[in-house]
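> Here is my input, please return the structure:
(2 chains)
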Amino acid sequence: MPADDLIAERRRKLDQLAVLGVPSHNVDFTPTETLDGARRLLARMEVDSSGASAADEAPDGPEVRVAGRVMQYRLQGKSCFVHVEDEGERMQVWLRLDRLGDDEFAVVRLLDLGDIIGVRGNLMRTRRGEPTVLASALTLLVKSLQPPPEKFHGLQDQETRYRKRYLHLLSSAAQRRHFAARTTVVRSLRRTLDNRGFMEAETPILQPIPGGGHALPFVTHWNALHADVYLRIAIELHLKRLLVGGYRRVYEIGRVFRNEGLSPRHNPEFTMLEAYEAYTDYHGMRELTESLIVDAANALGPQQIPEQDGGTFPCDDPLRRSFGGRELSLTPPFRCERMVDLVAQACDFNPVEAWDDLPERAHALGAPVPIGAGAGAALLAIYEHRVEPELWDPTFVLDYPAEVSPLARKRRDDQRFVERFELVVAGREVANAFSELNDPLDQRQRFEEQASLRAAGDDEAFPLDEDFLEAIEVGMPPAGGLGIGVDRLVMLLTDAATIRDVLLFPTMRPRHREEASAEDVNQSSPPSAEDSERP
RNA sequence: GCCCCUUUAGCUCAACGGCAGAGCAGCCGGCUUUUAACCGGUUGAUGGAGGUUCGAUUCCUCCAGGGGGCACCA
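Predicted coordinates:
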């Protein structure tokens, strides 16, 4: 039956309800118990009465009011069982003609899966032992006009799951728990930072010059100024300005936007945590990173972890987790290695000694090196090609080539490297941090190197940001800075295979060409500034 | 951007190139302790456009969406 017919059928029921004088949307119903609370109340009552009233001829238990969405509906003549669901809990409701009377039972006959109802009634157990509210009054709170997903198999279609997440969520308690876990992680990140005296800041998303990361920005248009502006690709440069302004510890958890394709690990908009602390360096950030991750894992609690024979066993240590069918240990302290040492172990040469040969060696190893790349970029390419995918348990990879780190402070003992680490877990980068460059002369020089890369065609090289340089010239305290891809961290901690499984509303292509062109029309004739003047 | 897979009823799934089936949901009828309730009846579909063929859900081409991989990317 076409969807339109199913909707028409439900609208027909609205008309019938109107004839009965029953509003389709009611607001004056206040539950006395959550479904879980009602269940516990029943259990408590049974304990208090020493089980004496558990017999099937038992009188009614305490009266409650509960509400929820109708997920199952079993009408049998003059009696009807429904399961309502709310906050991930389900509870059976028993609607009987002899309790409700003809008028309200007529409403029962017009119920559909997906409706939201409120029930006043008494707690009891049915013959099969199921906790049940035996209804003495029924209030239709919301009539649903759309057919819900299949009640047993749920919503299987990946595309619909992503595009209509509300359907996915309402048909799957497991999904709701999954996304609640994301909130638990984010809340834990904030708590860890707040406890350490960090101040949460909100900095601009619309920026005249996008900076702080290697990425292409989205461009948008500011009508009033007849000027293009960019959506931020990183938070970094504004948080550093706040250090100049005198805050000692600042952070932001917010959305950044990168003009890239989609993949299981990439969404064009994603959530970044960046934190900056004065008078410390990347070693301080290392300690902070470890705490953030350990705290988040502990906040999530234990998880089933995989066994060699393919099974799983429950483990009460939240730091022993499962990812992709393999055990992952987040037990601190995390391993800590210099990039050059890791490369030396994986290949049979010392990259520091072979410095000038690195582009050639990278090429020989099949590591993709950008054209015109120097030794530093080649070292990074070798590392990413040969080492990074093999790192499983958390590993801090220290001391990146200066060439690929234009915002990090150089090592005093070797100017070819900067004080920077990335934390790699399960072959993926989860965090990136460095001792922040606060020498304006060095910073200007690095920007100029980037500018020449830009001129050579690297459109992801950093643009020179004069306003930022001016801020650094005022004087930024020595500081450590940290960035964590929150979505990827959540993936790790919740064993999610794709970033879309940790984003409530992942970016999707417009479904039809018509949709896309409709947006084009809007963009080509935006409302003028005069038309949209605020009151 | 490239390669592979995929798209059948509102949902979940079938169908050697030969009349497109089922379960759930819906509709009609029955049923006052059901549990994916049950019983009888019933409505409803091949992503879009071409092509090959007597005949296309099936084979081919193109387009669109989705999934996976590569590349880009952190």
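> All the helices of the stretch 301-450 of chain A, residue numbers only.
A:339-346, A:358-364, A:375-382, A:440-455 (DSSP state H, counting those that start in this stretch).
> Out of these, which one sits most buried?
The highest average neighbour count among those, using mean count of other CB atoms under 10 Å, belongs to helix A:375-382 at a mean of 24. The way it works is simple: take the backbone N, C-alpha and C, and place the C-beta from them, glycine included.
> by contact count, what packs against that helix?
Taking 3 or more CB pairs under 8 Å, 6 or more residues apart in numbering; DSSP states H and E as contact, the helices and strands that helix A:375-382 lies on are helix A:339-346, helix A:358-364.
> Reformat those helices as a markdown table; add mean pLDDT and distance to residue A:48.
Converted to a markdown table, the helices and strands packed on helix A:375-382 look like this (pLDDT from 0 to 100; distance: least, CB to CB, whole Å):
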| stretch | mean pLDDT | distance to residue A:48 |
| --- | --- | --- |
| helix A:339-346 | 92 | 64 |
| helix A:358-364 | 85 | 74 |
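> about what we covered before: closest one to RNA strand B among the helices of the stretch 301-450 of chain A?
If you check each of these against RNA strand B by CB to the nearest atom of the strand, helix A:375-382 wins as the nearest, at 6.9 Å.
> so that closest one versus helix A:339-346, what angle?
50 degrees (axes from the mean of the first three to the mean of the last three CA atoms, to 10 degrees).
> Longest strand in chain A, please.
strand A:63-76 (DSSP state E).
> which residues does the nearest residue to residue A:409 once chain neighbours are set aside bridge with?
Leaving out its chain neighbours, the residue that sits closest to residue A:409 by CB to CB, 6 or more residues apart in numbering is residue A:435, at 4.3 Å. Applying DSSP bridges to residue A:435 gives these bridge partners: residue A:480.
> residues in contact with residue A:435?
A:281-282, A:408-409, A:418-420, A:478-480 (CB atoms under 8 Å, 6 or more residues apart in numbering).
> Mind checking which of these are buried?
A:281-282, A:408-409, A:418-420, A:479-480 (16 or more other CB atoms under 10 Å).
> Return the member of those residues nearest to RNA strand B.
residue A:420 (10.3 Å).
> So the closest one versus residue A:185, what's the distance?
25 Å (CB to CB, to the nearest Å).
> With distance to residue A:160 added, can I get the helices of the stretch 301-450 of chain A in JSON lines?
Formatted as JSON lines, those follow (distance: least, CB to CB, whole Å):
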{"stretch": "helix A:339-346", "distance to residue A:160": "44"}
{"stretch": "helix A:358-364", "distance to residue A:160": "44"}
{"stretch": "helix A:375-382", "distance to residue A:160": "40"}
{"stretch": "helix A:440-455", "distance to residue A:160": "42"}
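> do you know which of those helices lies nearest residue A:157?
helix A:375-382 (39.7 Å; CB to CB).
> tilt between the host helix or strand of residue A:103 and strand A:63-76?
Using DSSP states H and E, residue A:103 sits in helix A:97-109. Counting by the same axes, to 10 degrees, helix A:97-109 lies at 70 degrees to strand A:63-76.
> okay, now the domains of chain A?
A:3-148, A:173-334+A:393-509, A:335-386 (automatic domain parsing).
> Including distance to residue A:161, could those domains go into a markdown table?
Formatted as a markdown table, those follow (distance: least, CB to CB, whole Å):
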| stretch | distance to residue A:161 |
| --- | --- |
| domain A:3-148 | 14 |
| domain A:173-334+A:393-509 | 8 |
| domain A:335-386 | 32 |
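> ok, how many other residues are close to the closest residue to RNA strand B within chain A?
Of all residues in chain A, the one sitting closest to RNA strand B is residue A:77 (2.2 Å; CB to the nearest atom of the strand). By other CB atoms under 10 Å, 6 other residues sit near residue A:77.
> and it, what does it touch?
Counted by CB under 8 Å, 6+ apart, residue A:77 has zero contacts.
> who touches residue A:338 in this structure?
A:397-399.
> could you redo the last one with a cut-off of 10 Å?
By CB atoms under 10 Å, 6 or more residues apart in numbering, the contact list for residue A:338 reads A:344, A:352, A:396-400, A:417, A:421.
> Would you point out the most distant pair within the residues you listed?
Pairwise over these, using CB to CB, the maximum falls at A:352 and A:396, 19.1 Å.
> neighbour count winner among the two?
Neighbours were counted for residue A:352 and for residue A:396 using other CB under 10 Å; residue A:396 has more, 22 against 17.
> So which bits of stretch A:391-410 are buried?
Within stretch A:391-410, the residues that count as buried by 16+ other CB under 10 Å are A:391-392, A:394-410.
> from the chain's centre, how far out does that stretch sit?
Distance, stretch centre to chain centre, for stretch A:391-410: 25 Å (CA atoms, centre = their mean, to the nearest Å).
> now stretch A:406-421
32 Å.
> before we move on, what about stretch A:232-239?
Its chain's C-alpha centre and that of stretch A:232-239 lie 20 Å apart, by CA atoms, centre = their mean.
> From start to finish, how long is it in a straight line?
Stretch A:232-239 has an end-to-end distance of 13 Å (CA to CA, to the nearest Å).
> all strands in the stretch 201-350 of chain A, in order from the N-terminus.
Secondary structure of the stretch 201-350 of chain A, counting by DSSP state E, counting those that start in this stretch: strands at A:206-207, A:219-222, A:227-231, A:249-257, A:269-278, A:303-306, A:312-315, A:320-323, A:326-329, A:335-338.
> what packs against the fourth one?
If I follow you right, that is strand A:249-257. Applying 3 or more CB pairs under 10 Å, 6 or more residues apart in numbering; DSSP states H and E, we find strand A:249-257 packed against helix A:173-195, strand A:199-200, strand A:227-231, helix A:236-244, strand A:269-278, strand A:479-485, helix A:486-494.
> want to try a markdown table for these, with mean pLDDT and distance to residue A:297 as columns?
Shown next, in a markdown table, are the helices and strands packed on strand A:249-257 (pLDDT from 0 to 100; distance: least, CB to CB, whole Å):
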| stretch | mean pLDDT | distance to residue A:297 |
| --- | --- | --- |
| helix A:173-195 | 93 | 9 |
| strand A:199-200 | 97 | 22 |
| strand A:227-231 | 91 | 31 |
| helix A:236-244 | 95 | 25 |
| strand A:269-278 | 95 | 15 |
| strand A:479-485 | 95 | 14 |
| helix A:486-494 | 93 | 6 |
